[in-house]
Each structure stands twice: as C-alpha cells, then as structure tokens.
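# output the structure for:
(one chain, ligands or ions: 1)
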Amino acid sequence: MVKIIPLGGYGEIGRNCTYIEEGSDGLLLDLGLHVDRFSKNALPEMSLKALRSIGAIPNITDVKKKVKALFISHAHLDHLGALQFYKHLPFPVYGTPFSLAVIRQYNKKLNLKPVSFERNIKVGNIQVKFIHVTHSTIQSALILVKTKTARILYANDFRLDDAPTLGEPPDYEGIVAAKPDILILNSLNNEVMTTNPTEQSVARDMCSLLRKITKQKGLVVVTTFASHISRIKTIIDCAKRSGRTITLLGNSLHKYVKAAEEIGIDFEDVRVLKRPKKIENFLASLVDPSQHVLLVTGHQAEPSAVLSRMVRKGLYNFKKGDEVIFSCRVIPTPENEENRRALEALLEERNTNVTKEIHTSGHATRPDREKLLTLAQPKLVLPTHGTPELNNSVKLLAEQHGAQARILENGDVFVWP
Ligand SMILES: [Zn+2]
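Next up, the predicted model:
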C-alpha cells in the first residue's frame, strides 16, 4: 500500500511539495516556496515555523522523520525555494546538476546528490527515475517513483517542446515506458487550447526584432525570467548577431548564470553585473547607447528590479529611439498588472517604444497534456499546481482519456490501491 500526502501546491499556485510513503520508506518530491505570499508577508530572519504559518513554505513536520530523500524536479523557486531556509536537513537532496547548482547559490550546507536522467536511484525499497522534459528552465524532469505496489509519475511543470534551443526535446520513450498507475499532473494553463510556439520560433522572432531595431539610434533593453537559461542564451546570441555589445544587469540573473556556468554552459565572457552601485556606475558611463543591448531583471516590473530602477530612479534617461522588450508574459496578479501598467506609462511619457511578449510559455497547454495522457496511459490522475477550477478541468480531461481522477487538497492522505 502506498500513501500520497500533498503538502503544498494542491489547489494553489506555489510551494509545491508531495510526500510518498510505502512501509518504512518515505520521500518528498519538491520543496517549493510560495513566492507571492513570501514576498508580500515574510519578514527578514523569519523562522521556519513563521514561514509555514504564512503559507510561504510547505509543512513537512509530520512526515520529516520518515523521509529518506528529497527529489527536486527543476530549478524554479516554487519547486526548490523553501530549501534556502533550512540550516540542515536529515536526508539527501537529489536533483539534476543545474537544480543543485541553483540550490548551492542559496544554501551550501545541504547534502546534495546529482541525478542523471534514466538512472535508477534506490531509496529503501523504492526506485526513482528522472525523465527529461522541456520547461522554461533547463534540465527539468518528470519523476517516476516505483514502489512495490504502484508506479507514480510526477509531472509538475513541463511542456512538450520538440524544438528547444538548449538541451534535448522531451524523452517520449521514457514517458511511454513509465506506465504509471498514478499520474500527478500539473494544471496550470489547462484552459489554453492551442499549442505553444517552440523556443526556436521565439529565437527567430527575437533575432529578427533585434536586427530591425539595431538600425535605431537608441538603447535596447530586454527583460526575461532569470532562470530561463535557454532564453538568456538566445538574447545574448541575437544581440551579438545584431552587432551590439550585450551586458547582463541584476542579482538574480547573476545567480542563475553562475549556476549554469557551474554545469558547463558557456556564456562567452558576457559581463554580468549584480551590485546596485556597479550597475548605476555602468549605466551612468554609457557613452553610446546605440552600441548596447542590456538584459536586465524586472520582467514583472517589480519596483526593486533593475528595469524599474532604471526608469523610476532615473538610472538611465530613456528617450525616443530607445526600445524595451518584454520577453515574458505578465503573471496575472493585481500587483504585477499595476506595476507593469505604471512602468509602461512612464516609458510612454518618454516616447520609448515597448515590445511585448516575445515569448512562449514553459507550461503545458491542453494539447501537451492530452499528449502526455495518451502516451502515459495512467489509471488515475491527481491534478496539482493549479487553482481549484483548473484542477477540476484536468480531472474532466483525465476522465475523457479513460483515467480516474481525484482532486486532493494539501494535508489529505490518499492511499493506493
Ligand atoms: Zn517551473
């Protein structure tokens, strides 16, 4: 008999965490941060207990004694961000080299164990295997958990992109071979009925846009997700091809680029500045902006990120001929929408052109989810990482594909068979 206990991310978006137990063996899948609750409610030096009480991190207290290992699916904060607050964990943390390099940027004290795709890892009597998929960060995985009584496939944050710009397309053979009894399936974007454009098509759009803009006399500023290593590589590549010098500005870009370099990704000596004073000095010393592309933090127009500080604090004097490119979408919270609206209004006042959504999502839309259901043929689907409405729509979709489905909430105890 296998027990599945959702500890975060069920009926909500963020702090992903699932506990699986059979006999005396327990393991955790992801230990994420609820980024929104954390940034709004957390105070410096908050204890783990206080962070749990504001719903920023999962509560693993009741299961901790039985956990023999934690497996991280990919390098996003809502899947690994809670780890930064643990001084010590009594079990090892498994992940792909990039996930572990990102964890090391936040926390150097944990027992980190690298995982290579397709290799079985034994945790007591349970076996675990990582299956490569595409997502908006590199080395993302579906995690297959094989116990004596069940095969459980954890598919939380993925897309099926056959034309990525960095890394391999998804491992379809691995997905077919997984043959899960239970599929834990991400719900985000299930309401989107069309297939996402590929990363390669975004790269073509980015390069042709930068080629066109470069004839203008102004500065080009691009912003995207700091963890989106393939997109960052694309922007660097397109900027160089347009004949301009590219510089990266911002602390989180620095963190993720350093993590990627640690695993051997080459950024060809691109300059990355993280300290506010150095960024200010660099911007103040830009003699000929038309020679530069800047890749900066602040894709959600966060007030403390570089893009907002450039505009609001006058770190750079935006004017006609300059261009700001958002290689992202607005994550739809009232705060983000308001921040973005205000920032765009300020740029408009300065006659600076704004180009939006040179972007494709890293999250599966309905067609990807249908493909996964067809390939994996699960008996039961447990929707996760979505609002209750999205979870319900995934339940209906699973049923249309001949599977049973159950909607779980954080703290429920589900037993199979
Ligand atoms: Zn993710």
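
# any idea how far K146 is from the ion?
24 Å (CB to the ion, to the nearest Å). Any C-beta I mention is one placed from the backbone N, CA and C, and that applies to glycine too.

# who does the closest residue to that residue other than its chain neighbours form a beta bridge with?
The shortest distance from K146 to any non-neighbouring residue, by CB to CB, 6 or more residues apart in numbering, is to Q127 (4.4 Å). Q127 has these beta-bridge partners by DSSP bridges: K122, K146.

# and Q127, what pLDDT?
Looking at Q127, its pLDDT stands at 98.

# what about the nearest residue to N156 once chain neighbours are set aside, how many neighbours?
Sequence neighbours aside, N186 is the residue nearest to N156 in space, at 4.7 Å (criterion: CB to CB, 6+ apart). Applying other CB atoms under 10 Å, we find 28 residues neighbouring N186.

# pretty sure N186 is touching G362, no?
No: using CB atoms under 8 Å, N186 is not in contact with G362, being 11.0 Å away.

# can you list residues touching both of those two?
Residues touching both N186 and G362 (CB atoms under 8 Å, 6 or more residues apart in numbering) are D157.

# and the residue nearest to K146, what does it touch?
Contacts of Q127 by CB under 8 Å, 6+ apart are N120, I121, V145, K146.

# repeat that with 7 Å
N120, I121, K146 (CB atoms under 7 Å, 6 or more residues apart in numbering).

# gap between it and A150?
12 Å (CB to CB, to the nearest Å).

# next one: L408
With CB to CB as the criterion, L408 and A150 are 15 Å apart.

# interface residues of the protein facing the ion?
Within the chain, the positions near the ion by CB under 5 Å from the ion are H76, D157.

# the bottom helix or strand of the chain by mean pLDDT?
Ranked by mean pLDDT, DSSP states H and E, the weakest helix or strand in the chain is helix 35-41, scoring a mean of 91.

# would you mark the buried spots in that helix?
V35, D36, R37, F38 (16 or more other CB atoms under 10 Å).

# same thing with stretch 388-402?
L390, N391, N392, S393, V394, K395, L397, A398, H401.

# tell me which residue lies farthest from the centre of the protein.
The outermost residue of the chain relative to its centre, with distances by CA atoms, centre = their mean, is V287 at 35.8 Å.

# quick one: pLDDT of the closest residue to the ion within the stretch 101-250 of the chain?
Per CB to the ion, D157 is where the stretch 101-250 of the chain lies closest to the ion, at 3.5 Å. Model confidence at D157, expressed as pLDDT, equals 95.

# burial check on it, number of neighbours?
28.

# and R244, by the same measure?
20.

# for it, what are its contacts?
T214, V220, Q291, H292, V293.

# quick check: closest non-adjacent residue to it.
Among residues not flanking R244 along the chain, V293 sits closest, at 4.8 Å (CB to CB, 6+ apart).

# all the helices of the stretch 201-350 of the chain, in order from the start?
229-241, 251-262, 276-284, 306-312, 334-349 (DSSP state H, counting those that start in this stretch).

# got phi/psi on the residue in the stretch 251-400 of the chain that the ion sits nearest to?
Using CB to the ion, G362 is the residue of the stretch 251-400 of the chain that sits closest to the ion, at 6.5 Å. Per-residue torsions, G362: phi -90, psi 10 (degrees, to the nearest 10).

# three-state assignment of the nearest residue to it once chain neighbours are set aside?
The spatially closest residue to G362, leaving aside those adjacent along the chain, is S136, at 2.6 Å (CB to CB, 6+ apart). With DSSP: H, G, I helix; E, B strand; the rest coil as the basis, the three-state label of S136 is coil.

# span of stretch 181-196 from start to end?
Terminal residues of stretch 181-196 lie 28 Å apart, using CA to CA, to the nearest Å.

# can you give the contact residues for that stretch?
Counting by CB under 7 Å, 6+ apart, 13, 18, 150-159, 360-361, 363-367, 369, 376, 378-386, 390-391, 393-394, 397, 416 sit against stretch 181-196.
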